[in-house]
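> dropping the sequence and predicted coords here.
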Amino acid sequence: MTFTPLHRALGLAPGPFTDDILDAAISAGITETDDLDWKSELPPVNGISQTDIPKDIAAMANSGGGMIVYGVEEVEKAATGRKDAGDFTERYERAYRSAAVTAISPPIFGLIIHRLGTDVRAVAVEVPASVDGPHLIYKNDLFGAPIRNDADTAWMKERQIETMYRARFDERRRTSDAVDSLYEEAAAGRDSEKRAWLVAIAHPRIPDLTSRPDRAQASNIFSRAEAITLTYSSRNGVHPFENMEALNPRPGLRRWGAVNAATGEREIWKEAWAEIHHDGSVMLAAAVGGHRMSTDGFHHGWQVESRGIECCVADFSALVRATAEVRSVEEYEVRVGIEWGGREALQILTVDWSGQTYDGGRFLAIVANWLFYPASHELCWGAVFEGEPGSGVELCGDVV
């Protein structure tokens, strides 16, 4: 659910941002603040990175996030009326998002853009809160860190920049500790000495502590994720969602869990669990070793089908995206690993063009760390497959 500065100023509950809300804000004469900036029109698309757009976005991000609205006239900071902002085409949006990435360092992802009105058009841009500050903008050989000062934009002094860098490094340490703890909790208790398990966790860089999801909301997240996952991967494999009670989540300690439904003696090889935590964290654990290869034959516990990994990662990515949509989370730190505690080297099995299974590689462990931006579906991953000495395989980033 969306909760913008205008929702707060008008005393509205979280919900979609609409043209009516903008009209109500103008009628009420809502004034600019450190998280709300009125602009009468959009600057030209040509040379957009040389306009004030990067400075405005960086200032908002450095100040804890907020909203920039184009198409509103103001007097003494107070909104007085509508003005046509201009044509916000697909080309303009690409240029706008590009400016937030290429003209600002570190780049700012996850902008949420609302197109409003028809005859008198407006564009509202939600700039997410950032833990990567200070965000700097460069002009030739000079750089600066803009920040909001009530309704104005100012430049940070040296001490402010120092403080923000310290906060960034402290946040990274806290996030790393949280990710380690969450992953260890998810991996604990699995029979990984008998069969390999895929364990995946996602921790929001800015946890959502505003509310707790109820059972209906948790069920809706799992249902949404089941629909999303098939846009990432086909059914040519075992999807964890097919083997858990996803639509009847159980309450836990500050979380909702989808418990394993593959409990029969001939079904336990498909065991899978998932959780949605109240702070927006996500966990998925699924047995990927020892899957069935024929009517009465099974792989060994150290043998993992590559298509099984694909299905697990697809389900997990879909669950993160669905959770982010409902919980309004912008960025996730993600860790995915295959846990195997047996003596044999982990074996990844894949299928060639003729349908024959062959050994795709032997590894001691697989660990991947990602940074996921659900709002824009961007997945930046820096991952290394840790195998036998000299056999590491490095993965490259891409967009889901």
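In hand now; what should we look at?
> give me the below-cutoff pLDDT ranges for the stretch 251-400 of the chain.
351-400 (pLDDT under 70).
> strands along that one, start to end?
All strands of the stretch 251-400 of the chain, identified by DSSP state E, counting those that start in this stretch, fall at 255-258, 272-277, 282-287, 303-305, 332-339, 346-351, 357-373, 378-387, 393-395, 398-399.
> now do the helices in the chain.
Assigned by DSSP state H, the helices in the chain fall at 5-10, 19-27, 53-62, 90-102, 158-187, 215-232, 306-327.
> ok, which of those comes nearest L36?
Ranking the helices of the chain by proximity to L36 (Cβ to Cβ) places helix 5-10 first, at 4.3 Å. Placement of C-beta: from N, CA and C, glycine included.
> list the helices and strands the closest one packs on?
helix 19-27, strand 36-39, strand 66-70 (3 or more Cβ pairs under 8 Å, 6 or more residues apart in numbering; DSSP states H and E).
> reformat the ones you listed as JSON lines; add mean pLDDT.
Below are the helices and strands packed on helix 5-10 laid out as JSON lines (pLDDT from 0 to 100):
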{"stretch": "helix 19-27", "mean pLDDT": "96"}
{"stretch": "strand 36-39", "mean pLDDT": "96"}
{"stretch": "strand 66-70", "mean pLDDT": "97"}
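> and the helices of the chain: which comes nearest K139?
Per Cβ to Cβ, nearest to K139 of those: helix 53-62, 9.5 Å.
> what comes into contact with the closest one?
35, 37, 39, 43, 66-68, 96, 99-100, 103-104, 108, 111, 125, 127-130, 133-137, 145-148, 153, 156, 164 (Cβ atoms under 8 Å, 6 or more residues apart in numbering).
> please repeat the previous calculation with a cut-off of 7 Å.
37, 43, 66, 68, 96, 99-100, 103-104, 108, 127, 130, 133-135, 137, 145-148, 153 (Cβ atoms under 7 Å, 6 or more residues apart in numbering).
> now stretch 22-34
Against stretch 22-34 from outside (Cβ under 7 Å, 6+ apart): 5-6, 9-10, 38, 63, 66, 72, 74, 77-79, 81-82, 116, 122, 148, 150-151.
> if we use 8 Å, what do you get?
So stretch 22-34 is contacted by 5-6, 9-10, 36, 38, 63-64, 66, 69, 72, 74, 77-82, 116-117, 122, 124, 148-151 (Cβ under 8 Å, 6+ apart).
> re the thing from before, nearest to G341, of the helices of the chain?
That would be helix 158-187 among these, by Cβ to Cβ, at 10.0 Å.
> run the chain-centre distance for that closest one.
Helix 158-187 sits 17 Å away from the centroid of its parent chain (Cα atoms, centre = their mean, to the nearest Å).
> may I see the buried residues of that helix?
Buried residues in helix 158-187, defined by neighbour count with 16 or more other Cβ atoms under 10 Å: 160-161, 164, 175, 178-179, 182-183, 186-187.
> a markdown table please, covering the residues you listed and showing pLDDT and distance to V326.
Shown next, in a markdown table, are these (pLDDT from 0 to 100; distance: Cβ to Cβ, whole Å):
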| residue | pLDDT | distance to V326 |
| --- | --- | --- |
| Q160 | 95 | 35 |
| I161 | 95 | 36 |
| M164 | 95 | 30 |
| T175 | 88 | 22 |
| A178 | 92 | 21 |
| V179 | 92 | 22 |
| L182 | 95 | 19 |
| Y183 | 94 | 23 |
| A186 | 95 | 21 |
| A187 | 95 | 26 |
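> still on that earlier bit, so which of the helices and strands packed on helix 5-10 gets nearest W197?
strand 66-70 (42.0 Å).
> by contact count, what packs against that closest one?
Strand 66-70 packs on helix 5-10, strand 36-39, helix 53-62, strand 122-127, going by 3+ Cβ pairs under 8 Å, 6+ apart.
> which residue is the nearest non-sequential neighbour of R292?
F298 (5.3 Å; Cβ to Cβ, 6 or more residues apart in numbering).
> that neighbour contacts G290, doesn't it?
Yes - between F298 and G290 there is a contact at 5.6 Å, judged by Cβ atoms under 8 Å.
> ok, the two, which is more surrounded?
Neighbour tally, F298 and G290, criterion other Cβ atoms under 10 Å: the higher count belongs to G290, 19 against 15.
> run through the residues that contact the more buried one.
So G290 contacts 194-196, 269, 298-301, 303 (Cβ under 8 Å, 6+ apart).
> go again with 10 Å.
Taking Cβ atoms under 10 Å, 6 or more residues apart in numbering, we find G290 in contact with 191, 194-196, 268-269, 298-304.
> again with A188
Counting by Cβ under 10 Å, 6+ apart, the residues that A188 touches are 199, 285, 339.
> gap between it and R97?
40 Å (Cβ to Cβ, to the nearest Å).
> one more: S130?
Distance from S130 to R97, by Cβ to Cβ: 15 Å.
> those two: which has the busier surroundings?
Ranked by neighbour count (other Cβ under 10 Å), S130 and R97 place S130 first, with 24 against 19.
> per-residue pLDDT, the closest residue to the more buried one other than its chain neighbours?
Spatial nearest neighbour of S130, chain neighbours left out: A61 (4.3 Å); criterion: Cβ to Cβ, 6+ apart. What the model reports as pLDDT for A61 is 95.
> many thanks, we can stop here.
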